[in-house]
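>>> Sequence first, predicted model second:
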Amino acid sequence: AQSVTQLGSHVSVSEGALVLLRCNYSSSVPPYLFWYVQYPNQGLQLLLKYTSAATLVKGINGFEAEFKKSETSFHLTKPSAHMSDAAEYFCAVSNQAGTALIFGKGTTLSVSS
Amino acid sequence: EPEVTQTPSHQVTQMGQEVILRCVPISNHLYFYWYRQILGQKVEFLVSFYNNEISEKSEIFDDQFSVERPDGSNFTLKIRSTKLEDSAMYFCASSGNGNTEAFFGQGTRLTVV
């Protein structure tokens, strides 16, 4: 069975600081990994995805994530936080196209000026 | 840009009533999904639908729930006899053939009173 663990339900950073949101996964087969962002009262928007190509994946809004098989991790980073980055971030895993996404519990990112 | 559309955005219903949540997936997509998010909790998979039949479902998706693609564009989730614990945000999603990521709608907030 697949699972996702997001360490830290709430992360607070200052504007301009590094953002690091942690995600570890468990999967018996090579995984597909995703980060989604949810702004208040909105749906889920795909930030980036890993599908067995390059291990460093670049996404929208300056975010990137690195797949590390040895650590079963897929942490999300952004070099410099912006106020508009404040949102809920979800890591998710699936095992092939067309199958269910299994989500982590989410991390709320707060950005202060 | 193509998007997944859900209606209504908010539905209030009395316990025991039937509700139908509606979704229009992205037009050339082949896989359709329903997820739910109880307030403050993670996004949970309910069901996936492909080739006019359920391809996968979670243990949450019991006999109270059903899905249907009544025509070439709509995808519906029916909850037969709503319970208080069905109150949640329900997200529809779709993905294309071979695409690994799902595109989500804005959600329908269901409140059972």
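Sure thing, it's come through.

>>> Tell me the residues of chain B that contact chain A?
B:4, B:30-31, B:33, B:35, B:41-45, B:48, B:50, B:55-56, B:58, B:91, B:93, B:95, B:97-107 (C-beta under 8 Å from any C-beta of the partner chain). Yep, even glycine has a C-beta here, placed from its N, CA and C like the rest.

>>> could you flag which of those residues are buried?
Among the residues of chain B next to chain A, those classed as buried by 16 or more other C-beta atoms under 10 Å in any protein chain shown are B:4, B:30-31, B:33, B:35, B:42-45, B:48, B:50, B:56, B:58, B:91, B:93, B:95, B:99-107.

>>> Take these and keep only those in strands.
Mapping those onto strands (DSSP state E) picks out B:31, B:33, B:35, B:43-45, B:48, B:50, B:56, B:91, B:93, B:95, B:103-104.

>>> Grab the most central residue of chain A for me.
For chain A, the residue nearest the mean C-alpha position is residue A:35 (3.5 Å; C-alpha atoms, centre = their mean).

>>> Run through the bridge partners of that one.
With DSSP bridges as the criterion, residue A:35 is bridged to residue A:48, residue A:91.

>>> Residue A:75 now?
Residues in beta-bridge contact with residue A:75 (DSSP bridges): residue A:66.

>>> Give me the neighbour count for it.
19 (other C-beta atoms under 10 Å in any protein chain shown).

>>> I'd say it and residue A:22 touch.
Yes. Counting by C-beta atoms under 8 Å, residue A:22 is a contact partner of residue A:75 at 5.1 Å.

>>> Counting neighbours, what do you get for the closest residue to residue A:39 other than its chain neighbours?
Excluding its sequence neighbours, the residue lying closest to residue A:39 (C-beta to C-beta, 6 or more residues apart in numbering or on different chains) is residue A:87, at 4.9 Å. Residue A:87 has 21 neighbouring residues, counting by other C-beta under 10 Å.
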